[in-house]
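Peer 1: fold the following for me, if possible:
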Amino acid sequence: MSTHPLERPPRETQGRVGRRLAWRFALPLAVVAGMITTGAASAATLQSSKAPTQPGSPAAAVSICPDASSSLFGPNVCVFNPSMSTASIQAQADAIFAQQDFNEMGTERYSLLFKPGVYGTAAQPLNVKVGYYTEVAGLGQDPDNVTINGTVTAAGHNGSGALTTFWRSVSNLKIHFLSSPNDGCHTSNEMWAVSQAAPMRRVHVEGSRTTFMPYCENPNYASGGFVADSYLEGGALNGSQQQFYARNTNLGGGWSNSVWNQVFSGDINPPGNTFGGGTYYTTLATTPVSKEKPYLYIDGAGKYNVFVPSLQRDSVGTTWATGHTAGTSLPISGFFIAKPSDSVQAINNALSKGQNLLLTPGVYDVAQSIKVKRANTVVLGLGYATLTAQNGVTALETADVPGIVIAGVTVDAGPVNSDVLMRIGSKNGNNGAPHQTTDNPTALMDVFFRIGGPHVGKATTSLEVNQDNTLLDHLWIWRADHGVAGSVGWTINTADHGLIVNGDDVTATGLFVEHFQKEDVIWNGENGVNIFFQHETPYDPPSQAAWDQPGPFVGYPAFKVADDVQTFHGYGMGSYVVQNQTDATAYATAAYQAPVRAGVQFTHIDTVWIVGNGGYLHVINDTGGPAVAATGVVPVSVVQYP
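Peer 2: Residues are numbered from 1 along each chain as shown. The predicted structure is shown next:
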């Protein structure tokens with residue numbers, strides 16, 4: 001049934017209600033109206049939709065893309081080629097979208113891959129709609145090797161906007177924007193209106209600006225996104241996006257509008273560095289250290305390879321603006337191509353023999369740890385390949401060796417509590433010596449964690465990083481605030497911490513961590529850097545006592561830098577109060593807790609009360625604030641601390 005915006009929906013379907021309320025106050029109506037492009041459909045013409053709450057059935061053995069199914073990668077990988085008719089590609093892409101559009105907690109996973117060439121025409125554009133657990137990617141070495149004349153669209157649904165537009169991606173291709181009468185409002189601009197775990201990487205948008213706001217939906221809200229190594233010729237319409245991180249991207253025509261936390265590093269034509277008074281931009285001229293995500297491509301001989309980009313320091317713009325991205329090409333013959341039916345023992349045997357690992361789309365039940373022991377091993381997931389921890393195991397762990405890359409992998413907790421879902425390095429590795437050199441770090445890209453949602457899940461800590469110099473690029477670590485009935489609740493999907501960093505010189509670029517029952521992030525390592533942080537409080541503490549830590553602080557901070565840390569710097573960090581599943585009053589002293597010393601710095605941090613009886617008394621330690629019901633939906637910011 002429909003729910004009035006001021007009423008609480010049923011517990012099993014409630015999602016981003018706090019944000020929904022927030023947008024009602026975040027932007028003046030005139031501003032919102034001015035952001036909607038000419039030709040956008042009116043609310044009266046928009047299609048209605050239902051809440052995406054039901055899980056899907058197990059993935060079918062028969063391909064849903066029969067004209068493009070891949071014998072190498074399995075039935076859930078569709079490999080299109082330019083000799084296929086646009087009508088055939090469109091029909092198969094539409095069939096996958098129809099299945100995945102509302103399949104938020106389902107088990108189906110898909111990868112839609114395009115061989116080098118041109119797809120769609122002016123007379124018959126190709127319009128690819130992207131639903132849950134769907135990856136759309138080009139198979140060229142460079143983005144411009146694959147051109148889609150049309151659109152690649154991620155959007156939301158009426159009633160929730162794009163607040164639950166999660167778990168989908170687009171990468172390594174050029175979109176030459178052409179509108180289509182078959183998709184109405186969504187074709188007024190290239191639309192990638194998403195929230196968490198929905199990256200855009202290595203994309204060239206030509207002939208249009210790119211909108212990250214779902215202006216076709218009512219309400220038109222979105223809450224978080226990530227774009228990297230891309231060229232958006234027409235610039236970006238950010239609109240009602242609560243927070244967004246753009247890294248090493250050419251923003252072409254610029255960036256319009258700011259809500260609460262927009263962060264830029266190493267971009268071309270970003271907005272100015274202004275934080276407060278209604279404008280919340282954090283702009284760094286360069287990205288201090290980065291490494292782009294590996295990607296599958298086809299070489300000139302028609303062979304599949306995985307390309308691993310090189311490490312960059314103090315970088316600006318895309319890696320491919322003046323030629324091929326620098327890096328190393330690995331033949332597909334060096335990979336164990338895993339299917340969900342493969343045992344962990346088979347995967348570990350392949351890894352121990354020196355093979356890399358390619359996880360094809362699907363859900364893998366992991367009853368013993370996947371162990372990555374060899375330096376420079378690549379673990380690459382296609383189509384949101386998902387590891388589900390069984391019997392309380394750690395789903396994946398790495399040895400104290402350099403250069404491991406883990407990318408495109410989702411990890412779900414199982415019903416038996418795991419101490420840690422993924423462990424990078426060991427706490428006491430190398431007898432206390434540095435775990436790896438600075439020029440060949442272990443890196444995680446587009447790695448996502450869930451505690452609850454599709455089923456009951458429990459894990460004390462989602463990700464533990466013990467290795468020095470590790471890179472964390474775009475992570476969403478989520479204790480579920482909604483999901484299948486019976487999978488969410490204070491005593492059901494239990495989880496203390498999202499991320500614990502013990503290694504030194506760890507850099508995080510694009511960190512989303514939400515709803516954990518104690519500190520969401522604990523940073524114990526020295527010389528850490530975090531660029532962009534997004535957080536919401538747990539929705540459901542039953543009482544103040546249930547959410548209290550020992551000591552002088554009440555409640556738990558979102559982000560804690562340990563008391564003995566001497567050096568750390570955080571940039572562009574936002575934490576929001578959402579307590580819409582409880583009638584209790586639960587306060588926290590501050591969103592950020594850190595030692596007060598010159599070497600521990602925070603630049604541009606804020607808190608916002610959205611909904612609930614509690615809130616934050618301060619922004620950081622005893623500075624800034626409060627953010628409580630009495631202050632309303634207004635950012636409370638600290639420009640620099642200390």
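Peer 1: using the three-state scheme, assign Leu421.
Peer 2: strand (DSSP: H, G, I helix; E, B strand; the rest coil).
Peer 1: that one and Ala389 touch, don't they?
Peer 2: Yes - using Cβ atoms under 8 Å, Leu421 is in contact with Ala389, at 5.9 Å. For the C-beta atoms, the positions are set from N, CA and C on the backbone; glycine is no exception.
Peer 1: more neighbours: the two, which one.
Peer 2: Leu421 (31 against 27; other Cβ atoms under 10 Å).
Peer 1: residues in contact with the more buried one?
Peer 2: Ala389, Thr394, Ala395, Leu396, Val411, Ala413, Phe449, Ala459, Thr461, Ser462, Leu463 (Cβ atoms under 8 Å, 6 or more residues apart in numbering).
Peer 1: in CSV, list those along with secondary structure and pLDDT.
Peer 2: Below are those laid out as CSV (DSSP: H, G, I helix; E, B strand; the rest coil; pLDDT from 0 to 100):
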residue, secondary structure, pLDDT
Ala389, strand, 98
Thr394, coil, 98
Ala395, coil, 98
Leu396, strand, 98
Val411, strand, 98
Ala413, coil, 98
Phe449, strand, 98
Ala459, strand, 98
Thr461, strand, 98
Ser462, strand, 98
Leu463, strand, 98
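Peer 1: out of these, who's nearest Asp314?
Peer 2: Leu463 (26.5 Å; Cβ to Cβ).
Peer 1: for that closest one, give its distance to Lys174.
Peer 2: To Lys174, Leu463 is 34 Å away according to Cβ to Cβ, to the nearest Å.
Peer 1: circling back: any shared contact partners between Leu421 and Ala389?
Peer 2: The contact sets of Leu421 and Ala389 overlap at Ala395, Val411, Ala413, Ala459 (Cβ under 8 Å, 6+ apart).
Peer 1: would you map out the domains in the protein?
Peer 2: Under the assignment automatic domain parsing, the domains of the chain span 17-63+141-289, 332-536, 545-642.
Peer 1: looking at those domains, which is nearest to Phe97?
Peer 2: Nearest of the domains of the chain (Cβ to Cβ): domain 17-63+141-289, 9.2 Å.
Peer 1: work out the gap between the closest one and the centre of the chain.
Peer 2: 13 Å (Cα atoms, centre = their mean, to the nearest Å).
Peer 1: apart from its chain neighbours, what residue comes closest to Leu382?
Peer 2: Nearest residue to Leu382 in three dimensions, chain neighbours excluded: Ser111, at 4.3 Å (Cβ to Cβ, 6 or more residues apart in numbering).
Peer 1: count the neighbours of the one you found for me.
Peer 2: Ser111: 26 surrounding residues under other Cβ under 10 Å.
Peer 1: show me where the stretch 301-450 of the chain has its helices.
Peer 2: All helices of the stretch 301-450 of the chain, identified by DSSP state H, counting those that start in this stretch, fall at 344-352.
Peer 1: any stretches of it with poor pLDDT?
Peer 2: The model of the stretch 301-450 of the chain has pLDDT under 70 over residues 428-437.
Peer 1: now with 90?
Peer 2: The model of the stretch 301-450 of the chain has pLDDT under 90 over residues 427-438.
Peer 1: show me where it has strands.
Peer 2: 304-309, 311-315, 327-331, 335-338, 356-359, 363-366, 370-372, 378-381, 386-389, 396-398, 405-412, 418-424, 443-451 (DSSP state E, counting those that start in this stretch).
Peer 1: dump those to a markdown table, plus distance to Trp609.
Peer 2: Below are the strands of the stretch 301-450 of the chain laid out as a markdown table (distance: least, Cβ to Cβ, whole Å):
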| stretch | distance to Trp609 |
| --- | --- |
| strand 304-309 | 41 |
| strand 311-315 | 37 |
| strand 327-331 | 45 |
| strand 335-338 | 45 |
| strand 356-359 | 40 |
| strand 363-366 | 37 |
| strand 370-372 | 41 |
| strand 378-381 | 37 |
| strand 386-389 | 34 |
| strand 396-398 | 37 |
| strand 405-412 | 31 |
| strand 418-424 | 31 |
| strand 443-451 | 24 |
